[in-house]
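*Asks:* show me the folded form of this:
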Amino acid sequence: MLSINKKINRFPWFYGWTVVGTVCLTNFTAVVFFNPILGVFSSDLEYEFGWSRASVAAAISIGSVAAAAASPITGWVVDRWGGRWVLTVASLLISFVLFYLIDLKYLWQLYLAYAIGRGLSMAAVSNVGFVVVNNWFIAKRSTAVGVVAVSQRIGMALLPLYIATVITITGNWRTGWLALGLVVLIFGVFPPAMFVKRRPEDIGLVADGVEHNENTQDQAKNSLDRDFSLNDAVHTRAYWLIGMTIAIAMFTGGSINFHQIPYLMDKGFSSTSAALVVMVYSFVGAIGAILGGYIADKITARKTMVLSFLVMSVGPLLLLNTDSLSFAMIYAVVYGLFFGSSFALSQAIYADYFGRTSLGVIRGSFQPVQLILNAAGPFFTGLWVDYFGSYTVPFFIFSGCMLLAAFLLLIATYPQQRV
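*Replies:* Model (predicted):
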């Protein structure tokens, strides 16, 4: 191990960026159980099995509840032992679940698969990956997290179109699950086992790759290098405001991400055209993640997220009034750009407020609430559409939720650490 660490120290670049690149691969594959992917399969499942849209969306809800239950545990594990084997084993299990879905026949099988697969992808791959990256950076934290968020935006851009194309070419939606399983097996299993390390201090390095003299130590403290325990964090107002801000954003974002493809298809778009809109939305989101991360490193994640939420409030209204591919692309660009920014920064903001040492358990402690709301959104939106046949009321609610999230974060001032 000592010889490996010496080799790492001789890298011509800061090894944290190797960790970032590796987590990009794992977080790209985590998208396989995100909402837009099931949205691609939704129409085929409804047609072949006669399932309602709400019953299909319930799989996302069940998976999110499973992730909510697992998040505090994975947060504690990654703080104590690091994310290397969490990422590796979780990715391997996800690939097995995707292969299991090839023989899907019953609704309970879909629910079981999503309970395991989505639980792992959200709690043990996506979340752990962001914690790992946060542990390697302070001054460049938002930029590094933004780069990782790009990988998820790229996954959400490419994988729905990839799956829609595979299904169109083969004429069989079951091959879509096979294609996804192979993606996870290739990109999600071996890279983290080989390259992920817990923290720079574990291998003789320092955060950001910069040796801290007395001046830079003071600068780090002034640039949000805090170190709260979970007990310290829960006694601050910011902990609760940030938690509810992200919960509201996940309720809204999860609903739109799942329903945008079925909604566009209801409006007369083909599956590939709807997937193309999501691809543009996700690619623009990747730009938003990088841009938001860069700006946040200058003016803080908090201020950048407030701006993002304000602009995002327009997104559901644009989608509601979409009547052509060109107008759908306007929605994709506007909403996608600022969704990408807010999503990336939501992965960095806990570290900005509460530091690195207990980051996993602090994030994980509130994630049950956030993921339950994330679970509820697609399901209750599906119920509304099944009964009333319209997305108008849900989309107006989503717009209001974004304004509320902006307000809550605006009043979530940075806490002083208890002495």
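
*Asks:* what pLDDT does the residue nearest the centre of the chain get?
*Replies:* In the chain, the residue lying closest to the centroid (CA atoms, centre = their mean) is S126, at 6.1 Å. Listed pLDDT for S126 reads 86.

*Asks:* could we number from 12 for the rest of this?
*Replies:* OK, 12 is where the count begins now, so the last one is S137.

*Asks:* quick one: residues contacting it.
*Replies:* Neighbouring residues of S137 by CB atoms under 8 Å, 6 or more residues apart in numbering: N38, A41, Q163. All C-beta atoms are positioned from the backbone trio N, CA, C, and that covers glycine.

*Asks:* and whichever helix or strand the first one is part of, what's buried?
*Replies:* Counting by DSSP states H and E, the element that carries N38 is helix 26-41. Residues of helix 26-41 classed as buried under the neighbour-count rule (16 or more other CB atoms under 10 Å) are 26-31, 33-41.

*Asks:* same thing with stretch 386-397?
*Replies:* A386, A387, G388, P389, F390, F391, T392, G393, L394, W395, V396.

*Asks:* over to stretch 321-329?
*Replies:* L321, V322, M323, S324, G326, P327, L329.

*Asks:* show me the shaky parts of the protein.
*Replies:* Residue ranges of the chain with pLDDT under 70: 12-23, 221-237, 428-430.

*Asks:* doesn't V43 make contact with V136?
*Replies:* No: counting by CB atoms under 8 Å, V136 does not reach V43; the two are 9.7 Å apart.

*Asks:* looking at these two, which one has more neighbours?
*Replies:* V136 (31 against 27; other CB atoms under 10 Å).

*Asks:* contact partners for that one?
*Replies:* Applying CB under 8 Å, 6+ apart, the residues contacting V136 are T37, N38, T40, A41, L98, A101, S102, I105, G199.

*Asks:* distance of it from T33?
*Replies:* 12 Å (CB to CB, to the nearest Å).

*Asks:* then G366?
*Replies:* Distance from G366 to T33, by CB to CB: 23 Å.

*Asks:* then G27?
*Replies:* 11 Å.

*Asks:* cool, and A387?
*Replies:* Counting by CB to CB, the gap from A387 to T33 is 33 Å.

*Asks:* and for V345?
*Replies:* With CB to CB as the criterion, V345 and T33 are 32 Å apart.

*Asks:* can you check G128 too?
*Replies:* 21 Å.

*Asks:* if we can go back for a sec, where does the residue nearest to the centre of the chain land in three-state SS?
*Replies:* helix (DSSP: H, G, I helix; E, B strand; the rest coil).
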